Every structure is written in C-alpha cells, then in structure tokens.
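S.K.: no letters, just coordinates:
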Ligand code: HEC
Ligand code: HEC
C-alpha cells in the first residue's frame, strides 16, 4: 500500500514536471499498455459447438424452474449485458434476492464463481440456481425426467454424451455455452492488438489514468477483473457509510470464516460495464460516473477531478465488445 502511494506520488511529481516543461499527453511517462502485465486481449475459448448449443437451449428454458416461469436468461440476459438490470434479482414467485446479479459474459475468466467465490467452476455453479428456492425453485430430479421425456433434448444428449441425460451433463452443457460468451473485439482489444486509432483520445487518457492511479492493481487480466478477491472499503469504511449491513455484505468471509476476508468480494470484470448497471454487489450505484468516484474514494483514498472521471468513463466504455449471438 505504502509502496503504491510512493509510486503514485512519484507519478504526480513527474506529471507536474512535464506540465511545467510542456510535454504533450503521450510523453515518456505513459505506461506501455500493450506490454503491461495488467492488460491482455480477450480470446475465445475452445468449445464443442453441439454441446454449447444444447447448453444454450437449457440456459433459455423456463421449464427447468419449479413453475415454468424462470430461466437462467431471466436474470442473465445475454443480449443486454448478461445481467438483469436490477439492484438485486427477482426469482420465482417474485422473490427478491440478497445480491446483485453479476454478468455471465466472460464469466469463464473468473478464478472462482459468485461474489464470494463459493463455486469453483462454471459447472459447479450451474446446478445451484435450478434448485435455489429463491431463484428457479426447481429440482434436478424433475429436470432430468423432463429432459428424458422430450425427444429433441434426449436425442441431443444421446448424441453428445455416452450416458445421455445426467446432472453432470446438464451442468457441463450449460457451462460449455457460458464458455462461448466471450465478448471479443472491443475498442480496447483492437488498441492492444496494434490499432492506434481504435480508442478516442479521452479513452486513451482514461486507460493511462486507470493504470497509473492503481485501478488495475485489482481490475486486471483479460477480463479486467475476476482474478482476485479484494475488500470493498480498503481505504475508507464503505459499510459504515452505507449502513444496514446484511449477511451478503460479508462477502468471502461467508465461505472461509476467516476474519481477514470479511467484506472481500471477487473483483468484478469491467468488460461491457456500461451495459450492466446498477453496480456493486449491493446494486446501490446507478451510474458509471458514481461507481468510478466511489472506487476512488473507498479503494484508493483519492478524489478525482470531473475530467478524470469522464476520461475513465470513456475508457470503461471502450471495454464493450461483441456479444455472441446478438
Ligand atoms: C433469480 C435470478 C437468477 C437466476 C434465475 C440465475 N441466476 Fe445466476 N446469479 C444470480 C445472482 C444474484 C448471482 C450472484 C449470487 C452471489 O454471488 O451470491 C448469480 C451468479 C451467477 C454466476 C457467477 C458469475 C460471477 O461473476 O461470479 C454465474 C456464472 C451464473 N449466475 C449463471 C447462472 C446460470 C447458468 C443460471 C441458470 C441455471 C442462473 N445463473 C440462474 C441470479 C440468478
Ligand atoms: C483494491 C482493489 C480495487 C481497486 C484499487 C479498484 N477497484 Fe473497482 N472494484 C473492486 C471490488 C472488490 C469491486 C466490487 C465491490 C463490491 O461490489 O462489493 C469493484 C467494483 C468496481 C466497479 C463496479 C463493477 C460492477 O460490476 O458492479 C467499477 C465500475 C469499478 N470497480 C471500477 C474501478 C475503477 C475505475 C477503479 C480506479 C479508480 C477501481 N475500480 C479501483 C476492487 C477495486
């Protein structure tokens, strides 16, 4: 933390000096984003197309829920950014969930799944919502009966797997579909791949700022997130300011019971972030502008100028890629 602060101070000094001696914005102090270990181009996963197509069908099928009203798609609408646009989700019988739905787009890049990392893989995750009484309120045994009784499904399972319809194969198929949901070709990826004109000047300034002030200490890797767990409120007590703390706010602590993990959350991906408001695990932040300012305050102990926020916003918008199938 201290080292980071000294680094940041050094930066400010250099920035100030270059201002005085009149350097332009793309001076030597700029970080070489293309060769930085913090950034990488998103790349597609290798998948079995038939199994992914079967997974897509399951993902969109409301019959997997207890009363035929909810599918994965209800809370993770792929075309709309892979989430539900609500502060917290609405499950079967209009039940409010405790936490904001993260996007499924690029979820294959997450080190673990869920805000608190309680599922290790997409396969582990995929069965949960079907049986969660507040989400789809169904059960796997009924789902298996339904799929076996449906000719199209049972043929597709028989073609893909030697053991046909099983819980493991249902989970694998849904996960295989999710692995196709990588949003390639954002302006930032095009820039990283060598196209100097792919991003606006504002977005380029924002990318530099993002790296220099330390956003990328947490939001890094191809998904700009998903690679670690960090406390919300590193620099200032977020939960004291917000009030009304719930169990969902304990984050990673709920999984590990380690006091050091209280209020730690999986660092969310910033890919396609302009599409997935409202923000944060509690869904309390409605605009990107406010999310950026809150991050500066609570994670970095700094106050950003308006032009810095607008540059960072331009950069984050340059992270919107092509949504598969849209
Ligand atoms: C009622 C709404 C709802 C339904 C239906 C639902 N989800 Fe979710 N999903 C959520 C919420 C809320 C979370 C976050 C829960 C948490 O982290 O504690 C989540 C988390 C996830 C994650 C983890 C993403 C990450 O970044 O950690 C994946 C992947 C996912 N869901 C896929 C699915 C699949 C596949 C289905 C269908 C089998 C499904 N969801 C059904 C609301 C829903
Ligand atoms: C110390 C680690 C850390 C730093 C530094 C950090 N973030 Fe975050 N960021 C997080 C975590 C953790 C979350 C999720 C917090 C939560 O919802 O509980 C988050 C959430 C966000 C979100 C909302 C994402 C969503 O899907 O809801 C945005 C946008 C964001 N950060 C942008 C930034 C920007 C821009 C910076 C630099 C000004 C920054 N972050 C610095 C860890 C960090």
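M.R.: Yes, it's here. Just so it is clear, the structure is predicted and the values come from calculations on it, not from any experiment. Ligands and ions are numbered 1, 2, ... in the order given.

S.K.: my read: residue 186 touches residue 319, true?
M.R.: Yes: here residue 186 lies in contact with residue 319, judged by Cβ atoms under 8 Å, at a distance of 5.3 Å. (Glycine included, C-beta is placed from N, CA and C.)

S.K.: which residue packs closest to residue 62, ignoring adjacent ones?
M.R.: Nearest residue to residue 62, sequence neighbours excluded (Cβ to Cβ, 6 or more residues apart in numbering): residue 71, at 4.5 Å.

S.K.: what's the neighbour count on that neighbour?
M.R.: 19 (other Cβ atoms under 10 Å).

S.K.: what pLDDT is listed against it?
M.R.: Residue 71 carries a pLDDT score of 97 in this model.

S.K.: tell me the contacts of it?
M.R.: Contact partners of residue 71, counting by Cβ atoms under 8 Å, 6 or more residues apart in numbering, are 59-62, 64-65, 136.

S.K.: quick check on the residue sitting nearest the centre point of the chain: phi, psi?
M.R.: The chain has residue 269 as the residue nearest its centroid, 3.4 Å off, counting by Cα atoms, centre = their mean. Backbone geometry at residue 269, expressed as degrees, to the nearest 10, gives phi -60, psi 150.

S.K.: look up how far residue 39 lies from it.
M.R.: Counting by Cβ to Cβ, to the nearest Å, the gap between residue 269 and residue 39 amounts to 13 Å.

S.K.: likewise for residue 175?
M.R.: Taking Cβ to Cβ, one finds residue 175 at 26 Å from residue 39.

S.K.: quick revisit: which residues are common contacts for residue 269 and residue 39?
M.R.: Taking Cβ under 8 Å, 6+ apart as the contact rule, residue 269 and residue 39 both touch residue 224.

S.K.: buried residues in stretch 64-74?
M.R.: Under the neighbour-count criterion of 16 or more other Cβ atoms under 10 Å, stretch 64-74 has 64-66, 70-74 buried.

S.K.: looking at the residues you listed, which is nearest residue 218?
M.R.: residue 72 (27.7 Å; Cβ to Cβ).

S.K.: tell me who's in contact with that closest one.
M.R.: Shown in contact with residue 72 (Cβ under 8 Å, 6+ apart): 58-60, 104, 129, 174.

S.K.: by neighbours, which of those wins?
M.R.: That'd be residue 174 among those, by other Cβ under 10 Å, with 28 neighbours.

S.K.: do you know how far that one is from residue 54?
M.R.: Computed as Cβ to Cβ, the residue 174 to residue 54 distance reads 9 Å.

S.K.: cool, residue 263 as well?
M.R.: For residue 263, the distance to residue 54 (Cβ to Cβ) stands at 39 Å.

S.K.: quickly list what the residue nearest to residue 128 when sequence neighbours are not counted is bridged to.
M.R.: Residue nearest to residue 128 in three dimensions, not counting chain neighbours: residue 119, with 6.7 Å by Cβ to Cβ, 6+ apart. On the basis of DSSP bridges, residue 119 is bridged to residue 113.

S.K.: tell me which of the contacts of residue 72 fall in helices.
M.R.: 58-60, 129, 174 (DSSP state H).

S.K.: could you identify the least confident member of those residues?
M.R.: Pick the lowest pLDDT in the ones in helices among the contacts of residue 72 and you get residue 129, at 94.

S.K.: that one touches residue 136, doesn't it?
M.R.: Yes: the criterion here is Cβ under 8 Å, and residue 129 meets it with residue 136 at 5.3 Å.

S.K.: show me what from the chain comes close to ligand 1.
M.R.: 59, 70, 72, 74-76, 89, 91, 97, 99, 101-102, 104, 107, 110, 113-115, 122, 125-126, 129-130, 135-136, 174, 266 (Cβ under 6 Å from any ligand atom).

S.K.: filter these down to the ones in helices?
M.R.: Checked against DSSP H, the residues of the chain next to ligand 1 include these in helices: 59, 72, 74-75, 122, 125-126, 129-130, 174.

S.K.: quick one: which of the residues you listed is nearest residue 241?
M.R.: Closest to residue 241, out of all of those and judged by Cβ to Cβ, is residue 75, at 28.1 Å.

S.K.: got the contact list for stretch 168-178?
M.R.: With Cβ under 8 Å, 6+ apart, stretch 168-178 has contacts from 47-48, 51-56, 58-59, 72, 104, 107-108, 121-127, 140, 143-144, 147, 157, 160-161, 163.

S.K.: please pick the buried ones from those residues.
M.R.: 47, 51-56, 58-59, 72, 104, 107-108, 122-123, 125-127, 143-144, 147, 157, 160-161.
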